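Visitor: turn this into a model:
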Amino acid sequence: MRQTGFPFLPKDFIETEDGLIFAVVSYHSHDQKVGCFLRYVQDQHGWHKVDTEQANRLLERHHPEFLFYSSQFDAAFHAVPVNSIIHHHRPEQRLQQLLKQPADDPLQHKLHKLIAILQQYSVDITALGLTGSMLVNQQKATSDIDLVIYGRDTFHQCRSAIKKAIADNLLQKLDKTQMQENYQRRDSELDFDTFSWHEYRKCNKAMIDGSKFDIGMVCLKEELDIEHRHFLKQGIKTIQCRVTDDSRAFDFPARYRVDNALTPEIISFTHTYVGQVEKGEFIEVCGALECDASGTCRIVVGSTREARGEYIKVIEQK
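Guide: Residues are numbered from 1 along each chain as shown. Below is the predicted model:
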């Protein structure tokens, strides 16, 4: 699953000796640096989670060497040299570690129960990992359980298992309070009812005994597209179009093919719009228009994690 020369995958965490933990967001090396975003900062009181704005401000002031501009993607993010990493937190190792030992807290009890439920529906748990706060043992009673699923087939099998387990009352749909919290955290441009409608049908998040969990996919090596084109941003654009291919809807980034000749591809770098639309649906998209040297263009939704002013929504179902 992991390449020996560059063993880093999205949803891994990497830690530096400066007391910084970054979430990996890229499959590939960027000049022997790992593409990532700062998520946790350590001080005398312990670890603290930071949002995008706080992370950028902190790095600008104290660690500008971790700020990175990609000419290929015409985007700024964070990048840590491989030789600056003191600990590589791997989701699949963390999950197996926790499953082999007695649960230390209520959230770990729920994790054990959740994995057992997924096994009931024939999910291959060797293809699963654990990311988020539990990956670095920073969970609270109110934390989510963030599962990583390696490979498309297992991911969709897991989505199906969640749907069946909800129907069998082993898991629960997000209640309105949880959905409101999800909505506020995502800071979506959609209104609450529209946001909720899209979220419920994805079957990539649910509740177990009052705690929210979600699943995120990481592609296997053979499932990846190698991107060699260089894109330049051309401003914000809004289009309406029909989805012609949703096979990569849950990838990172999510990719949708559409019937717009100028912008045949929609890409989302924010989890809010992963799995958002399905093949055959008529949709509206607002995002950053990008073009390569040949004039081929695409729309990118999620130029920041919060994707302010950008969205993807269904106008007409198939």
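Visitor: from here on, contacts and neighbour counts on C-alpha atoms
Guide: Will do.
Visitor: for Asn204, see how far away the residue most central in space within the chain is.
Guide: In the chain, the residue lying closest to the centroid (CA atoms, centre = their mean) is His271, at 4.6 Å. Applying CA to CA, to the nearest Å, the value for His271 to Asn204 is 11 Å.
Visitor: stretch 277-297 - what's its average pLDDT?
Guide: Averaging pLDDT along stretch 277-297 gives 93.
Visitor: pretty sure Glu15 is in a strand, no?
Guide: Yes. Under DSSP: H, G, I helix; E, B strand; the rest coil, Glu15 falls within a strand.
Visitor: who does it form a beta bridge with?
Guide: As for beta bridges, Glu15 partners with Ile21, His87 under DSSP bridges.
Visitor: check contacts around it.
Guide: Residues in contact with Glu15, defined by CA atoms under 8 Å, 6 or more residues apart in numbering, are Ile21, Phe22, Ile85, Ile86, His87, His88, His89.
Visitor: in TSV, list these along with neighbour count.
Guide: TSV is the format used below for the contacts of Glu15 (neighbours: other CA atoms under 10 Å):
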residue	neighbour count
Ile21	26
Phe22	25
Ile85	17
Ile86	12
His87	12
His88	16
His89	21
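Visitor: and the strand ranked longest in the chain, what does it pack onto?
Guide: When the chain is scanned for its longest strand (criterion: DSSP state E), the result is strand 232-248. Using 3 or more CA pairs under 8 Å, 6 or more residues apart in numbering; DSSP states H and E, the elements in contact with strand 232-248 are strand 254-258, strand 282-291.
Visitor: just say which of these is most tucked in.
Guide: For the helices and strands packed on strand 232-248, the largest average neighbour count (mean count of other CA atoms under 10 Å) is found in strand 254-258, namely a mean of 22.
Visitor: now do that one against strand 282-291, angle only.
Guide: 110 degrees (axes from the mean of the first three to the mean of the last three CA atoms, to 10 degrees).
Visitor: and strand 254-258, what does it pack against?
Guide: strand 232-248, strand 265-268.
Visitor: so which of the ones you listed is the most surrounded?
Guide: The highest average neighbour count among the helices and strands packed on strand 254-258, using mean count of other CA under 10 Å, belongs to strand 265-268 at a mean of 24.
Visitor: parallel or antiparallel, list what pairs with it.
Guide: Short version: by DSSP bridges, strand 265-268 pairs with strand 254-258 (antiparallel), strand 297-301 (parallel).
Visitor: what about the first one, distance to the chain center?
Guide: Spelled out, it's strand 254-258. Centroid separation between strand 254-258 and its chain, computed with CA atoms, centre = their mean, to the nearest Å, is 16 Å.
Visitor: pretty sure Ile125 contacts Leu114?
Guide: No. Using CA atoms under 8 Å, Ile125 is not in contact with Leu114; the gap is 10.8 Å.
Visitor: buried stuff in stretch 102-109?
Guide: By neighbour count on 16 or more other CA atoms under 10 Å, the buried set for stretch 102-109 is Leu107, Gln108.
Visitor: repeat that for stretch 90-100.
Guide: Arg90, Pro91, Glu92, Arg94, Leu95, Leu98.
Visitor: any idea how far the second one lies from Val24?
Guide: As defined by CA to CA, Pro91 lies at a distance of 11 Å from Val24.
Visitor: and for the fifth one?
Guide: Counting by CA to CA, the separation of Leu95 from Val24 is 17 Å.
Visitor: and the helices in the chain, which stretches?
Guide: 52-62, 91-99, 106-120, 152-167, 176-186, 192-200 (DSSP state H).
Visitor: let me have those helices in JSON lines, extended by mean pLDDT and distance to His45.
Guide: Shown next, in JSON lines, are the helices of the chain (pLDDT from 0 to 100; distance: least, CA to CA, whole Å):
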{"stretch": "helix 52-62", "mean pLDDT": "93", "distance to His45": "17"}
{"stretch": "helix 91-99", "mean pLDDT": "97", "distance to His45": "24"}
{"stretch": "helix 106-120", "mean pLDDT": "97", "distance to His45": "22"}
{"stretch": "helix 152-167", "mean pLDDT": "97", "distance to His45": "37"}
{"stretch": "helix 176-186", "mean pLDDT": "91", "distance to His45": "24"}
{"stretch": "helix 192-200", "mean pLDDT": "97", "distance to His45": "36"}
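Visitor: quick one: closest of these to Ala76.
Guide: Nearest to Ala76, of all the helices of the chain, is helix 52-62, at 10.1 Å by CA to CA.
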